[in-house]
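1. The sequence and its predicted three-dimensional model are supplied below.
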Amino acid sequence: NAGVTQTPKFQVLKTGQSMTLQCAQDMNHNSMYWYRQDPGMGLRLIYYSASEGTTDKGEVPNGYNVSRLNKREFSLRLESAAPSQTSVYFCASSEWAGAYNEQFFGPGTRLTVL
Amino acid sequence: GESVGLHLPTLSVQEGDNSIINCAYSNSASDYFIWYKQESGKGPQFIIDIRSNMDKRQGQRVTVLLNKTVKHLSLQIAATQPGDSAVYFCAENLNSGGSNYKLTFGKGTLLTVNP
């Protein structure tokens, strides 16, 4: 039981390049989330998927797109990377996007945009 | 601004002492709170949670206290160990519409345990 896995672990992009961050969970959770974490700040929600087939914007969605590929996988895409998107990205999952549901986090992807 | 914040950005304690990390929240409608621990280079890890119908919950060496009157949350770590050194985040679960909820995180407190 690996929990939440993310690939890649590290990535360096040039401004304008695109890439997709992958996330998968093996806990049969319905809800999945993408966060970014910047130095000295807490985690900020980018997008989330309350259940398979649905996605919704979070606090900072601009410049990102997501795909809930199936129940296990939730990807985050940067179409045209900008230096402001340099950050650590975390994927999380929970049984439901409900009132009393703990979120489980992956190890993160460290992205640098030059 | 963020609805969840921390009083102290850093906390340094001696090994064996008790640690107290504080958190303020502003949304009185929040009814579920979680404390996460994040070690360097890793993702956040669940420590303990508490629902708003409780004012105290205990785990292994950790206790969370909730004071709804002043919208304050604290995490107490007993007999702090070097392995407790990490950033600690509180998070509140807010209704984002319909039956969906989203976590809102504070900025975190860096706990350093000195041997």
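-> That came through fine. What you see is a predicted model, and the numbers here were worked out from it, not measured in a lab. Numbers count the residues shown, from 1 in each chain, chains lettered A, B, ... in the order given.
2. Quick one: the strands in chain A, in order.
-> With DSSP state E as the criterion, chain A has strands at A:4-7, A:10-13, A:19-25, A:31-37, A:43-49, A:56-57, A:64-68, A:74-78, A:87-94, A:104-105, A:109-113.
3. The fourth one - contacts with which helices or strands?
-> Right, strand A:31-37. Contacts of strand A:31-37 with other secondary structure elements, assessed using 3 or more CB pairs under 8 Å, 6 or more residues apart in numbering or on different chains; DSSP states H and E, are made with strand A:19-25, strand A:43-49, strand A:64-68, strand A:74-78, strand A:87-94. Any C-beta I mention is one placed from the backbone N, CA and C, and that applies to glycine too.
4. Sketch out the strands for chain B, chain order is fine.
-> B:4-5, B:10-14, B:19-25, B:32-38, B:45-51, B:56-58, B:62-67, B:72-77, B:86-97, B:100-105, B:109-114.
5. Export the helices and strands packed on strand A:31-37 as a markdown table, with columns for distance to B:Asn93, mean pLDDT and mean neighbour count.
-> What follows is the helices and strands packed on strand A:31-37, written out as a markdown table (distance: least, CB to CB, whole Å; pLDDT from 0 to 100; neighbours: other CB atoms under 10 Å in any protein chain shown):
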| stretch | distance to B:Asn93 | mean pLDDT | mean neighbour count |
| --- | --- | --- | --- |
| strand A:19-25 | 19 | 98 | 19 |
| strand A:43-49 | 12 | 95 | 23 |
| strand A:64-68 | 21 | 98 | 18 |
| strand A:74-78 | 19 | 98 | 20 |
| strand A:87-94 | 10 | 97 | 24 |
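6. With distance to chain B added, can I get those strands in a markdown table?
-> What follows is these, written out as a markdown table (distance: least, CB to the nearest CB, whole Å):
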| stretch | distance to chain B |
| --- | --- |
| strand A:19-25 | 11 |
| strand A:43-49 | 5 |
| strand A:64-68 | 14 |
| strand A:74-78 | 15 |
| strand A:87-94 | 5 |
